[in-house]
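**Q** Predicted coordinates and the sequence they were generated for:
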Amino acid sequence: VFTQTFFWLEFSIIAPHLPPYCTFEFATTSMGNNVVYRAETIFCAWNTLRVYLLWRSIKYIVLSPFPKRHTVSMYTSAKLQSSFALKVMFDGWFAAFYVSAFWLSLLLWYGYLYRCVETTACQFLHTRHMDCEKREAVLWTYDGVDYFYKVNDLHLSNSCWAMFVASSSVGYGDMIPSTHLGRVVAAVSALTGIVLVSLLTAAVGIGLIYTPIQQTALSWLEREKCRDQLQRWAASYIIAWWRSRQISKSKASSKGGVVKRGKAASRHLMTSRNNFRRVRLAGQVCECAC
């Protein structure tokens, strides 16, 4: 176990812990501003990485409908692990739900991280760090030209809104990262948003594709539609032929009227015959498709 890389990676995520009643502060300079972080803030942000442990439960729930999956995996040499579970999740209409839920969860996580890295401990009441007495710890700047008095925004909803704006590539500019770590979190949120939007588009596209059963049903419906049109135009063709035959046998007193009616009946007969042939040809194509 100790020779596995994954074990040490997981150990480095889970092991760090701040003991009770133990705290300290450290200062750093970011974008020309003095930022003071408390140990509780950093360790809480780091401990949120443990949320990946939820994936094991989600994977078990997704793969639980498949009985004897371990036996099938052994005989087929197929690894039915995380990648297979993701493919099952992203197959069908439920993929849109999974992507949306995953996106909302990441927005909540990114919002919490963004709030942690954008909060300076100099605004706390019990902070006694010497760097908080400096001018750069109170009067911050974005570009070295515009200065503003730093005020911690502790509302998680505002941080989540900033991450949503970044992930959706909108960029209103109402909230701007004032630290390097804040920019890193916003950049990761933007890249994640691009990937998730692509997955959501692909999931919706897959859901709109006809299944083989639906394709067969659609072919039958098209065939029945062609048959219905063929019957209607066949009836119109017979009626036009009967009228043309009756007019040709008519003994009307006005010869010109008979000629005019005969021409109109001939045109109607030709139109009906052409439509009948066209629909019959389409019906033959539908029969071949079925």
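**A** Structure's in. What do you need?

**Q** Point out where the stretch 151-290 of the chain drops to low pLDDT.
**A** Counting by pLDDT under 70, the stretch 151-290 of the chain contains low-confidence residues at 247-269, 272-273, 275-290.

**Q** What are the boundaries of the helices in the chain?
**A** Along the chain, counting by DSSP state H, helices occupy 5-14, 39-47, 54-63, 69-76, 82-89, 94-117, 156-167, 180-207, 212-248, 255-289.

**Q** Looking at these, spot the one closest to residue 144.
**A** Taking CB to CB as the measure, those were each checked against residue 144, and helix 180-207 came out nearest at 14.6 Å. Where C-beta positions appear, they are placed from N, C-alpha and C, glycine not excepted.

**Q** So for that closest one, what gets flagged as buried?
**A** Along helix 180-207, these residues count as buried under the neighbour rule (16 or more other CB atoms under 10 Å): 181-183, 185-186, 188-190, 192-193, 196, 199-200, 203.

**Q** ok, now stretch 224-242?
**A** For stretch 224-242, burial by neighbour count (16+ other CB under 10 Å) applies to 226, 229-230, 233, 236-237, 240.

**Q** With only the CA atoms kept, save that stretch in CSV.
**A** Extracted as CSV, the C-alpha positions of stretch 224-242 are listed here (Å, rounded to 0.1, in the frame of the first residue of the first chain):
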residue,chain,number,x,y,z
GLU,A,224,-48.7,5.0,-42.9
LYS,A,225,-48.6,8.7,-43.9
CYS,A,226,-47.6,7.8,-47.5
ARG,A,227,-50.5,5.2,-47.6
ASP,A,228,-53.0,7.8,-46.4
GLN,A,229,-51.9,10.4,-49.0
LEU,A,230,-51.9,7.7,-51.7
GLN,A,231,-55.5,6.8,-50.9
ARG,A,232,-56.6,10.4,-51.0
TRP,A,233,-54.9,11.1,-54.3
ALA,A,234,-56.2,7.8,-55.8
ALA,A,235,-59.7,8.9,-54.9
SER,A,236,-59.1,12.3,-56.4
TYR,A,237,-57.7,10.7,-59.6
ILE,A,238,-60.8,8.4,-59.9
ILE,A,239,-63.2,11.3,-59.5
ALA,A,240,-61.3,13.4,-62.0
TRP,A,241,-61.3,10.5,-64.5
TRP,A,242,-65.1,10.0,-64.0
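
**Q** Off-centre distance for that stretch?
**A** Relative to its parent chain, stretch 224-242 has a centroid offset of 48 Å by CA atoms, centre = their mean, to the nearest Å.

**Q** before we move on, what about stretch 8-28?
**A** Once both centres are worked out by CA atoms, centre = their mean, stretch 8-28 turns out to sit 35 Å from its chain's centre.

**Q** quick one: which of the helices of the chain is nearest residue 142?
**A** When those are ranked by proximity to residue 142, the top entry is helix 180-207, at 11.0 Å, counting by CB to CB.

**Q** Can you check what angle separates that closest one from helix 82-89?
**A** With axes from the mean of the first three to the mean of the last three CA atoms, to 10 degrees applied, the angle from helix 180-207 to helix 82-89 works out at 50 degrees.

**Q** wait, which of the helices of the chain is closest to residue 145?
**A** Judging the helices of the chain by CB to CB, what sits closest to residue 145 is helix 180-207, at 18.0 Å.

**Q** Point to the residue nearest the middle of the chain.
**A** What sits nearest the mean C-alpha location of the chain, by CA atoms, centre = their mean, is residue 200, with 1.8 Å.

**Q** ok, now which ones touch that residue?
**A** Under the criterion of CB atoms under 8 Å, 6 or more residues apart in numbering, the contact partners of residue 200 comprise 95-96, 99-100, 103.
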